[in-house]
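> Generate a structure from the sequence data that follows.
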Amino acid sequence: MSLYNRRNFIRTTGAGLFGTALLGAKPLLSGLPGDTTLKPCGPGAKYVPRIMAAVVRRKGDYGMRWPGAIYDGEAARNNYTQLALDEAGKLGADLRFSKTLIHSLEDADAWLAEAKKKEADGLFILLLDRQEHSWPSVVKAADSGLPTVVFSPLGSAFTTNTAELAHRSGICLCCTDDFGQAAWGLRMLKTMARLREMRFVVLEGSEKKEERLAHFGTRLRWLPAADFIREYRKVKDTDEIQQMTAEYIRNATRVTGATEQDVVNGVKSFVAARNILEREEADGITMDCLGALGKTDISLPCISWARMNDCGVPAACEADLGACLTHALVQFLFDRPGFQQDPVPETARCLLIGSHCSCPTHLRGFDQPAEPFYISHHHGMRDAVPRTMWQPGERVTVADVLLEDPAAPKMVISAGEVVDNIAVPPAGGCVVAVSLKIDGLTEPLDYPGFHQLFFYGDFKQQLKDYCRLARVEPIVV
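Okay, here's the model as predicted:
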């Protein structure tokens, strides 16, 4: 697409906002997949996780004992080893198998000592035996303190082997011939490492400081909220800004209330935030939005945060650190953005409504087409907000990392389906409002947490697996 100057922008969109937006033009994608205008700039995006792997089995033939002489252990080893290496390659992780097999508890001790010495981010065990030292070696790995993923193909486990570990934290047992579950385990290991290494910029207050979040290890760089105001004031009305503005208007099914300048101002907030990310070498961003900008003429970052989340850069509202972590987890684990919202109970139909003014559009995945949206005012009757329309009947997961005790985090987890999009107005509240029917929920009035993320897909079990591996207490609703 050619760049737009001011005159071309007005000519292309007709009389202000209402030209092509109402002519039925096929929408392009906002927050384009592969959009070169934005990418993570911090240590998390650059970090390559180190995962130590080993094959565990007895020395010699299987004989009569399980998995038995009928099992071709060498073929299984070659097949699953290659699958693991291929998956690690896709993930961008450094997976290294031990040159020797684990044939004894002494071998297991030596391998675990080496993993700790090399500061491995996690362990991957390919378990091809049920006998002798096999499962005791897994117990040793679980006791090591390193997050451990075990792939145990059918024939290498009885429930008597797994019962002791079934509810242990720090370990994920994949007892199946489906390597997809083991691949999920490797993705979880990468996510834990990336979450630890990433840096969030937190625009709040007036101090500059550096911290790491307890338990997760995530880097936090606090900057004065006034930094955003200064950065915004420096942003010029460029061809790039006009192009992005034109894309938003062409994408929108309609425009209500907001003006052309509101959209321009929202895109300028995106450019300002992007400049801060690049300058601070950060992977994500959050800001005390209302506190910093509510009494100014500067656009609240609703468009900015929506676009960032569409492009795979975690952006959380209101300097909420739990929401920062939840955004990052959802994006890293499931390759899609989430909608951070204020939970509203609906008692007549026993629904949970998510209400906020910044929602991404690529709900099905970063590389998938955007959901329909229209452009509206923020609920404060100012600025411009893309109001994404959620598809009724779509399965949805709810997640919320709770940091009341940062050293012992919890995660609220639910699944359900979209019921409808609440019209605001005539209802009050934030302009993006989507209602969910949560599986098994009989009382919405005391749904736990705040600023939970809604995101497409039923990933309730996967989040429970993550919590166990990452030593996070799940609160399953």
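
> So what's the residue count around Lys117?
Applying other CB atoms under 10 Å, we find 8 other residues in the vicinity of Lys117. Backbone N, C-alpha and C define where each C-beta goes, glycine included.

> same question, the one 5 residues further on
By other CB under 10 Å, 26 other residues sit near Gly122.

> Distance of the closest residue to it other than its chain neighbours relative to Gln368?
Excluding its sequence neighbours, the residue lying closest to Gly122 (CB to CB, 6 or more residues apart in numbering) is Leu189, at 3.7 Å. Separation of Leu189 from Gln368 (CB to CB, to the nearest Å) stands at 25 Å.

> cool, and Gly429?
28 Å.

> can you map out the helices along the stretch 201-350 of the chain?
Along the stretch 201-350 of the chain, counting by DSSP state H, counting those that start in this stretch, helices occupy 226-234, 239-251, 260-280, 289-293, 302-310, 321-334.

> With only the CA atoms kept, save the shortest one in CSV.
This means helix 289-293. Taking C-alpha atoms only, helix 289-293 is exported to CSV below (Å, rounded to 0.1, in the frame of the first residue of the first chain):
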residue,chain,number,x,y,z
CYS,A,289,-3.5,4.9,31.8
LEU,A,290,-6.2,6.9,33.5
GLY,A,291,-4.0,8.2,36.3
ALA,A,292,-1.4,9.5,33.9
LEU,A,293,-3.6,10.7,31.0
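
> Determine how far it lies from the middle of the whole chain.
Computed by CA atoms, centre = their mean, to the nearest Å, the separation of helix 289-293 from the middle of its chain amounts to 24 Å.

> Do a quick rundown of the strands in the stretch 1-150 of the chain.
Residue ranges of the strands in the stretch 1-150 of the chain, as given by DSSP state E, counting those that start in this stretch, are 50-56, 94-97, 122-127, 148-151.

> hang on, the earlier thing: ok, Leu189 and Gln368, which is more surrounded?
Under the criterion of other CB under 10 Å, the comparison of Leu189 against Gln368 puts Leu189 first, with 28 against 14.

> And the helix or strand harbouring that one, what does it pack against?
Per DSSP states H and E: Leu189 is located in helix 179-197. Packing partners of helix 179-197 (3 or more CB pairs under 8 Å, 6 or more residues apart in numbering; DSSP states H and E): helix 43-46, strand 50-56, helix 73-91, strand 122-127, strand 148-151, strand 171-174, helix 321-334, helix 460-470.

> Now do it against helix 321-334, angle only.
Here helix 179-197 runs at an angle of 140 degrees relative to helix 321-334 (axes from the mean of the first three to the mean of the last three CA atoms, to 10 degrees).

> On the three-state scheme, Val401 is what?
strand (DSSP: H, G, I helix; E, B strand; the rest coil).

> isn't it right next to His327, touching?
No. The pair Val401 and His327 fails to qualify as a contact (CB atoms under 8 Å) at a distance of 9.5 Å.

> more crowded one of those two?
Between Val401 and His327, His327 has the larger neighbour count (other CB under 10 Å), namely 32 against 25.

> can you give me phi and psi for the residue found closest to that one once you drop the neighbours it is linked to in the chain?
Spatial nearest neighbour of His327, excluding adjacent residues (CB to CB, 6+ apart): Pro314 at 3.8 Å. Backbone torsions of Pro314, given as degrees, to the nearest 10, read phi -60, psi 130.

> need the contact list for Pro314.
Residues near Pro314 by CB atoms under 8 Å, 6 or more residues apart in numbering: Phe200, Asp283, Gly284, Ile285, Met308, Cys324, His327, Ala328, Gln331.

> Give me the pLDDT for it.
For Pro314, the pLDDT comes out at 98.

> do you know how far it is from Asp335?
In terms of CB to CB, Pro314 sits 13 Å off from Asp335.

> about what we covered before: to Thr397, which of the helices and strands packed on helix 179-197 lies closest?
helix 460-470 (6.0 Å; CB to CB).

> The closest one to helix 321-334, inter-axis angle?
Orientation of helix 460-470 against helix 321-334 (the same axes, to 10 degrees) gives an angle of 110 degrees.

> Go through helix 460-470 and flag the buried ones.
For helix 460-470, a neighbour-count test (16 or more other CB atoms under 10 Å) marks Lys460, Gln462, Leu463, Asp465, Tyr466, Cys467, Arg468, Leu469, Ala470 as buried.

> and the fourth one, what does it touch?
So the one you mean is Asp465. By CB under 8 Å, 6+ apart, the contact set of Asp465 is Cys172, Trp184, Gly185, Met188.

> Quick one: low-confidence residue ranges for this protein.
1-37 (pLDDT under 70).
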